[in-house]
Every structure is written in C-alpha cells, then in structure tokens.
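Peer 1: next come a sequence and a model predicted from it.
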Amino acid sequence: MKLGIIGAMDVEVASLKNVMENKTERMIAGSVYCEGTLEGLPVVVVQCGVGKVNAALCVQTLCDCFSVTYLVNTGVAGSLNAALDIGDFVISTDAMYHDFDCHTLNPDYPVGQVPGLAVRAFPADERLMKVAFEAADHICPGHAHFGRIASGDQFVCQKERKEKIVSDTGAKCTEMEGAAIAHGAWRNQIPFVVIRAISDKADDSAEMDYPTFEAMAAQRCAEVIRVMAKALQESE
Ligand code: ADE
C-alpha cells in the first residue's frame with residue numbers, strides 16, 4: 001500500500017512532514033511532493049493549493065509519477081448541518097460538486113452531475129472510511145461523523161447559498177477540493193476518503209470563524225492522518 005495524502009493547507013502538510021521519515025522531495029507543476037514513511041507506511045504528501053483544478057492536478061501526478069494505490073484528502077470545511085460543530089470531523093461517504101450545473105442543457109443532469117459520468121457522487125472506500133472514522137473518534141471521541149462532502153470553487157459564507165447547496169446535494173459539509181480528488185480517484189480506480197474538520201458554519205459567521213479555527217482544525221486533521229497511517233500499517 002502506498003498512500004497519497006493531499007492537504008489543502010500549509011499547516012497540516014507541515015505537521016505531517018515533521019513526523020515523516022526517509023523524506024525526499026520533488027517539485028512538479030509548482031507543487032512539492034514529499035515522499036517517505038509515516039508511522040512506517042509509504043506515503044507521498046502534497047499541498048495542492050485551493051480549488052478543484054489544483055486538486056485534480058495533484059491526483060493525476062500522484063498516480064502517474066508516484067504510483068500511489070490509495071488517496072486521502074484532508075483539510076477544513078464549512079458545516080452544512082446544525083448537528084456539526086466547529087472542530088467536529090466529517091468522514092466522506094461520498095463526494096460531489098455543488099457548482100457543476102448542466103440542468104439547463106438537459107433536465108436529466110441535476111446539479112452535480114457531470115455529463116457522461118455514470119455517477120453523480122463519487123463513493124468513498126469502505127475500508128478507508130472505517131479506519132478514518134476510528135482515527136477521528138480516537139482524537140476527538142464522539143465528534144466524528146460520516147456524511148457527503150459537497151465541493152465547489154467558492155468559499156460559502158451566505159445563508160441562502162448554504163441552503164441551496166444543502167437542498168441540491170444533501171451534504172454535511174462544504175469545501176473546495178474533495179469532489180475533484182474523488183473524481184480523479186474514481187477515474188484512476190483508486191480508493192479514496194476525504195477527512196475534514198469543521199472550521200465554520202458556511203453562513204454569515206463564516207468569514208469571522210474561519211481564520212480563528214482554521215489552524216486548530218487543520219492540526220486535528222494532521223493528527224488523524226498520523227493515527228490512520230499507523231492503523232493501516234499495522235493491518236498490512
Ligand atoms: N473551507 C472551510 N470553510 C469553507 C467554506 N465555508 N466554504 C468553502 N470552503 C471552506
């Protein structure tokens with residue numbers, strides 16, 4: 001097993017690199033790929049940058065240049081569900097786009113549906129979901145949740161937009177990379193899971209809460225990945 005780990009933010013990638021061993025680094029298309037071991041597990045860690053295109057580029061590079069066999073995406077997200085508090089974790093059951101909309105072209109294409117693809121939401125891998133949930137529950141007991149992730153090239157900070165995304169997707173949280181990573185994983189037939197810590201409520205309070213909780217949530221994600229890598233290595 002070789003795990004590709006895509007982080008959105010500097011802080012979480014830096015904390016993972018700090019605890020990695022046997023590290024070598026390569027720069028490809030402006031991103032630094034750090035290969036080594038994490039708790040003995042072969043991994044490649046990369047900070048992809050914000051948004052769907054940045055995320056997809058890193059997925060394909062991890063597949064083509066590093067031959068990863070599993071993918072994890074981690075970072076922060078805005079909550080779309082009143083039961084989810086800041087600091088809670090969402091482990092993806094699946095991921096879909098909230099800003100992909102071809103319904104005017106054809107009513108058979110609801111929001112999220114990419115024409116020509118057999119799925120609207122990309123399903124996460126059951127084994128990775130279980131290991132991720134157990135790791136998140138270990139770090140913050142009682143604060144891990146399974147749910148759908150909705151991604152788009154937008155920082156969501158208005159109640160009306162939030163409500164539309166909820167009604168279009170039924171997702172538990174929103175962020176800007178997960179579905180693109182899931183899409184790339186699906187096209188390459190690589191199992192994936194997205195692990196997100198809630199940094200804000202994706203409403204009118206989001207611009208205030210995000211900077212305050214970003215670092216704390218990202219740090220928690222990095223710790224979950226470390227625990228997860230340990231569990232995966234022990235089960236190899
Ligand atoms: N990442 C963290 N919070 C977010 C939000 N409200 N919208 C999009 N991405 C996010």
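Peer 2: Cool, the structure landed.
Peer 1: what does this protein have sitting close to the ligand?
Peer 2: Counting by CB under 6 Å from any ligand atom, the chain comes close to the ligand at 76-78, 155-157, 174-176, 199-200, 202, 206, 210. For glycine as for every other residue, the C-beta is placed from the backbone atoms N, C-alpha and C.
Peer 1: report the contact partners of the closest residue to the ligand within the chain.
Peer 2: Relative to the ligand, the nearest point of the chain is Gly78 (2.7 Å; CB to the nearest ligand atom). With contact taken as CB atoms under 8 Å, 6 or more residues apart in numbering, Gly78 is in contact with 155-157, 162, 173-175, 198-202, 206, 210.
Peer 1: which one of those residues is nearest Ala218?
Peer 2: Using CB to CB, Ser199 is the member of those that lies nearest Ala218, at 8.1 Å.
Peer 1: what about the strands in the chain?
Peer 2: With strands called from DSSP state E, the chain shows them at 3-7, 21-28, 31-38, 41-47, 70-79, 89-97, 122-123, 144-151, 173-175, 192-200.
Peer 1: distance between the lengthiest helix in the chain and the chain's centre?
Peer 2: When the chain is parsed with DSSP state H, its longest helix is helix 206-234. Relative to its chain's centre, helix 206-234 lies at 11 Å (CA atoms, centre = their mean, to the nearest Å).
Peer 1: report the buried residues of that helix.
Peer 2: For helix 206-234, a neighbour-count test (16 or more other CB atoms under 10 Å) marks 206, 209-210, 213-214, 217-218, 220-233 as buried.
Peer 1: most surrounded residue in the residues of the chain next to the ligand?
Peer 2: Ala77 (32 neighbours; other CB atoms under 10 Å).
Peer 1: wouldn't it be in contact with Ser199 here?
Peer 2: Yes. Using CB atoms under 8 Å, Ala77 is in contact with Ser199, at 6.9 Å.
Peer 1: buried residues, stretch 68-75. List them.
Peer 2: 68, 70-75.
Peer 1: oh, I was asking about stretch 73-92
Peer 2: Going by 16+ other CB under 10 Å, stretch 73-92 has these buried residues: 73-81, 84, 86, 88-92.
Peer 1: pLDDT on it, on average?
Peer 2: For stretch 73-92, mean pLDDT is 95.
Peer 1: please apply the same query to stretch 110-121.
Peer 2: Per-residue pLDDT over stretch 110-121 has a mean of 96.
Peer 1: alpha carbons only: can I get that stretch in PDB?
Peer 2: Listed next in PDB are the C-alpha coordinates belonging to stretch 110-121 (Å, rounded to 0.1, in the frame of the first residue of the first chain):
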ATOM      1  CA  PRO A 110     -29.200  17.600 -11.800                       C
ATOM      2  CA  VAL A 111     -26.700  19.800 -10.000                       C
ATOM      3  CA  GLY A 112     -23.500  17.900  -9.500                       C
ATOM      4  CA  GLN A 113     -23.900  15.500 -12.400                       C
ATOM      5  CA  VAL A 114     -21.000  15.600 -14.900                       C
ATOM      6  CA  PRO A 115     -22.400  14.700 -18.300                       C
ATOM      7  CA  GLY A 116     -21.000  11.300 -19.500                       C
ATOM      8  CA  LEU A 117     -20.200  10.000 -16.000                       C
ATOM      9  CA  ALA A 118     -22.000   7.000 -14.500                       C
ATOM     10  CA  VAL A 119     -22.200   8.600 -11.000                       C
ATOM     11  CA  ARG A 120     -23.200  11.900  -9.600                       C
ATOM     12  CA  ALA A 121     -21.500  11.400  -6.200                       C
END
